[in-house]
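[1] The sequence isn't on hand, but the structure is:
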Ligand SMILES: Nc1nc2c(ncn2[C@@H]2O[C@H](COP(=O)(O)OP(=O)(O)OP(=O)(O)O)[C@@H](O)[C@H]2O)c(=O)[nH]1
Ligand SMILES: [Mg+2]
């Protein structure tokens, strides 16, 4: 009896094994059928179409490789510019450390650093650091600005809102020079006019400062265009001829905001930096998604090309 039971178990195992082999054989036959169908299908497609698809594929891959090779990392440099005493260095420390480091003196060298903004440190999600450069406002040191312009993602132009009127002309001249620089215009580098020192009640409002700067730049525009072309140091002219100058006419985005480097009320300048220099992880993911979509679109195009009715066939 026991021997019979053993034979039964053995027979059951053989049966299962045989079923497994037969299903594998079926799968193999199916795969062969599909591959022969695919080959047949490819033979039906006119060769020109296949060559065109391959050429497009190679060309696009080549293009993608080139773009990857030559794509510069997103600029993350923000330049702090403005007249001497407008509060750039204090602002620099507020952005970096969240404290004002009282007792700043006139800067003789650009003050630069790469760091995560103090206000961003406590937030969730990975935030990239910003490269901040505080360019001295002294007229002889301003040329240093040009060294950093090629990598600039944005320019903050600090204005002393307390002592604005006596400095209005000088501030307008400096701002005019920045707004007419070829690299600023061509690369459309955004500029934030930051009316600083608003902690004092006697500080002028940002609207007042904007209007005064526009008026002054309008005058400058007229006087500078009167100079013979050979003497004009500026690369571009500003605004629309025949119309009073307004910052809206600039090709790059020019906005006006208020701040106090002393009290740490710097949310508007932080927002400007976030908008223009910090590429968050989510943004990077979005870029990756766009690339993936591009590749999918390409493959879909090629698939449709294959599906297209083949001329020359009955
Ligand atoms: N009340 C007030 N004073 C400020 C503020 N920001 C800066 N100051 C003062 O303004 C003076 C100049 O500030 P800095 O930051 O050294 O100015 P800067 O623009 O770096 O000047 P340069 O280095 O010469 O180009 C200092 O005495 C600061 O304490 C502010 O928001 N409010
Ligand atoms: Mg300084």
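    Now that the structure is in, tell me what you want to look at. Keep in mind it's a predicted model, so treat the numbers as computed, not measured. Ligands and ions are numbered 1, 2, ... in the order given.

[2] Which positions in the stretch 51-200 of the chain make contact with ligand 1?
    82, 84-90, 104, 106-107, 136-138, 196-197, 199-200 (Cβ under 6 Å from any ligand atom). Yep, even glycine has a C-beta here, placed from its N, CA and C like the rest.

[3] where does the chain have low pLDDT?
    For the chain, the stretches flagged by pLDDT under 70 are 1-2, 70-74, 102, 125, 225-235, 279-314.

[4] if we go to 90?
    In the predicted model, the chain carries pLDDT under 90 at residues 1-29, 31-33, 35-54, 62, 64-76, 99-107, 119-128, 139-141, 221-242, 277-314.

[5] need the helices for it, in chain order.
    Using DSSP state H, the helices of the chain run over residues 2-44, 47-70, 88-97, 118-121, 144-148, 164-179, 182-186, 206-226, 267-277, 281-307.

[6] want to try CSV for those, with mean neighbour count as columns?
    Listed next are the helices of the chain as CSV, based on neighbours: other Cβ atoms under 10 Å:
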stretch, mean neighbour count
helix 2-44, 10
helix 47-70, 11
helix 88-97, 22
helix 118-121, 16
helix 144-148, 16
helix 164-179, 18
helix 182-186, 15
helix 206-226, 16
helix 267-277, 18
helix 281-307, 11
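
[7] among these, which is nearest ligand 2?
    helix 88-97 (3.2 Å; Cβ to the ion).

[8] now for that closest one, which elements pack on it?
    If contacts are counted by 3 or more Cβ pairs under 8 Å, 6 or more residues apart in numbering; DSSP states H and E, helix 88-97 sits against strand 77-82, strand 111-115, helix 118-121, strand 130-134, strand 152-160, helix 267-277.

[9] the inter-axis angle of it versus strand 130-134?
    On the basis of axes from the mean of the first three to the mean of the last three Cα atoms, to 10 degrees, helix 88-97 is oriented at 160 degrees to strand 130-134.

[10] is helix 88-97 up against ligand 2 anywhere?
    Yes: counting by Cβ under 5 Å from the ion, ligand 2 has neighbours in helix 88-97: residue 89.
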